[in-house]
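# my questions are about this predicted structure, shown below with the sequence.
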Amino acid sequence: MNKEELIEFVNSHKVHQIRAGDKHRFVDITIVESDGRFFVRQYKFGKRSWYDAFLDTPEGEIKYKDIVIPVRGEIPEDLDSINQRITKAYSKKLGLIYHIMRLGFDRKRHEASTLELIPV
């Protein structure tokens with residue numbers, strides 16, 4: 001799958017699957033695309049979350065049907081400057097659901113938990 005196909009896949013679905021490393025199970029999550037980059041955010045903050053697993057082992061995968069795309073999960077160095085665009089991408093993708101979700105969450109905490117998934 002090339003980058004354009006991955007962009008089309010990410011933008012045409014609301015629910016995707018990712019996993020950190022190769023021992024964790026795939027979990028459902030929403031990936032957003034902004035300027036050709038792919039992002040995920042944590043909304044539940046358990047001790048054994050996918051976010052923490054990516055911080056421990058940056059290598060992971062995105063799964064679409066039987067296609068597995070290797071990625072690296074990294075905290076973007078420019079997170080402060082791109083966070084607003086990522087929030088807009090989530091709002092556009094999830095619509096009203098995103099605004100309802102945000103009512104019950106610590107916005108700064110979940111925005112700070114944004115990871116970039118970089119295809120490798």
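All right, it came through fine.
# dump the residue contacts of the residue nearest the centre of the chain.
Closest residue to the average C-alpha location of the chain: residue 40 at 1.7 Å, with CA atoms, centre = their mean. Counting by CB atoms under 8 Å, 6 or more residues apart in numbering, residue 40 makes contact with 18, 29, 30, 31, 32, 73, 114, 115, 117. Glycine gets a C-beta too; all of them are placed from N, C-alpha and C.
# buried ones in the longest helix belonging to the chain?
In the chain, assigned by DSSP state H, the helix with the most residues is helix 79-94. Judged by neighbour count using 16 or more other CB atoms under 10 Å, the buried positions of helix 79-94 are 79, 82, 83, 86, 87, 89, 90, 93, 94.
# so the first one sits against residue 115, correct?
To tie it back to what came earlier, the one meant is residue 79. No. Judged on CB atoms under 8 Å, residue 79 makes no contact with residue 115 at a distance of 9.3 Å.
# which other helices and strands contact the strand or helix carrying residue 55?
Using DSSP states H and E, residue 55 sits within helix 50-56. Here helix 50-56 touches strand 16-20, going by 3 or more CB pairs under 8 Å, 6 or more residues apart in numbering; DSSP states H and E.
# and the angle for the helix or strand of the chain with the lowest mean pLDDT with helix 79-94?
Least confident element among the helices and strands of the chain, by mean pLDDT, DSSP states H and E: helix 96-103 (a mean of 72). If you take axes from the mean of the first three to the mean of the last three CA atoms, to 10 degrees, helix 96-103 sits at 130 degrees to helix 79-94.
# what's helix 96-103 in contact with?
Taking CB under 8 Å, 6+ apart as the rule, helix 96-103 contacts 43, 90, 91, 94.
# just the C-alphas of it, formatted as PDB.
Extracted as PDB, the C-alpha positions of helix 96-103 are listed here (Å, rounded to 0.1, in the frame of the first residue of the first chain):
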ATOM      1  CA  LEU A  96     -20.800  15.700  16.500                       C
ATOM      2  CA  ILE A  97     -19.500  12.500  18.200                       C
ATOM      3  CA  TYR A  98     -16.100  14.200  18.700                       C
ATOM      4  CA  HIS A  99     -17.500  17.200  20.400                       C
ATOM      5  CA  ILE A 100     -19.600  15.000  22.700                       C
ATOM      6  CA  MET A 101     -16.500  12.900  23.400                       C
ATOM      7  CA  ARG A 102     -14.500  16.000  24.300                       C
ATOM      8  CA  LEU A 103     -17.000  17.000  27.000                       C
END
